[in-house]
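Novice: I'll drop the sequence and a predicted model, then ask my questions.
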Amino acid sequence: MANQNALTQTLGLNKANHIGITVKNLDTAIEFYQALTGGKITPKDEIGGERMAKVQGLEKTLIRYATVHLDNINIDLLEYVEPVSTKADYSNEQISAMHLCFEVEDFADTVHRMQSAGIEFHGDPITFSEEDGLKAGIGTSVAYFKDPDGTNLEIISPQGPFKRLKD
């Protein structure tokens, strides 16, 4: 656990490189994320051994992986051959649960295309209004869904403070 005193100072970590998603089957994950994003996927590779295990706090490891390259971040798809992965099941309100959110311009069209492809949303997509309790960001549209392994994902068409800052 991080030293609380150290967290009172700025550490300067302000640019994300990738998000890693542990998957059951790398080939199935590549097929899903390629169709979802249209992003370029690097060839499959493997990494493992004592040094990789130690840096992750494991005794042994062998990981099959591929990377999806998007415009602003990479997604590492990771199939742990050793140790064999176990299934985690997080819902969005659980502590340490994370999700990956994809920004879209034409929200209605994206929802339609995703539903036509067989992707099921957790609930009906919504556009934030005053009834949602927001003071800013009204007009932002969101929908939540999962990948084939149960990873929490979201699409957003952001407004107001939900828009990303430009460089």
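Specialist: Sure, I can see it. Residues are numbered from 1 along each chain as shown.

Novice: which of the residues in stretch 109-120 are buried?
Specialist: Of the residues in stretch 109-120, 110-111, 114, 119 count as buried by neighbour count, 16 or more other Cβ atoms under 10 Å. The way it works is simple: take the backbone N, C-alpha and C, and place the C-beta from them, glycine included.

Novice: averaging pLDDT per element, find the lowest-scoring helix or strand in this structure.
Specialist: None of the helices or strands of the chain scores lower by mean pLDDT, DSSP states H and E than strand 40-41, at a mean of 89.

Novice: partner strands of that strand, parallel or antiparallel?
Specialist: Strand 40-41 pairs in its sheet with strand 62-69 (antiparallel), by DSSP bridges.

Novice: give me the longest helix you can find in the chain.
Specialist: helix 26-37 (DSSP state H).

Novice: quick one: the strands in the chain, in order.
Specialist: Ranges of strands within the chain are 18-22, 40-41, 45-48, 62-69, 74-82, 100-103, 126-127, 141-146, 152-157, based on DSSP state E.

Novice: what distance do you get for Ala117 to Leu70?
Specialist: Applying Cβ to Cβ, to the nearest Å, the value for Ala117 to Leu70 is 18 Å.

Novice: to clarify, my last question referred to His18.
Specialist: His18 is 10 Å from Leu70, where distance means Cβ to Cβ.

Novice: what do you get for Ser129?
Specialist: Taking Cβ to Cβ, one finds Ser129 at 30 Å from Leu70.

Novice: between the two, point out the one with more neighbours.
Specialist: More crowded of Ser129 and Leu70, by other Cβ atoms under 10 Å: Leu70, with 17 against 11.

Novice: please name the nearest non-neighbouring residue to the more buried one.
Specialist: Leaving aside its sequence neighbours, Leu70 sits nearest to Gly39 (Cβ to Cβ, 6 or more residues apart in numbering; 4.8 Å).

Novice: kind regards, and thank you for your time.
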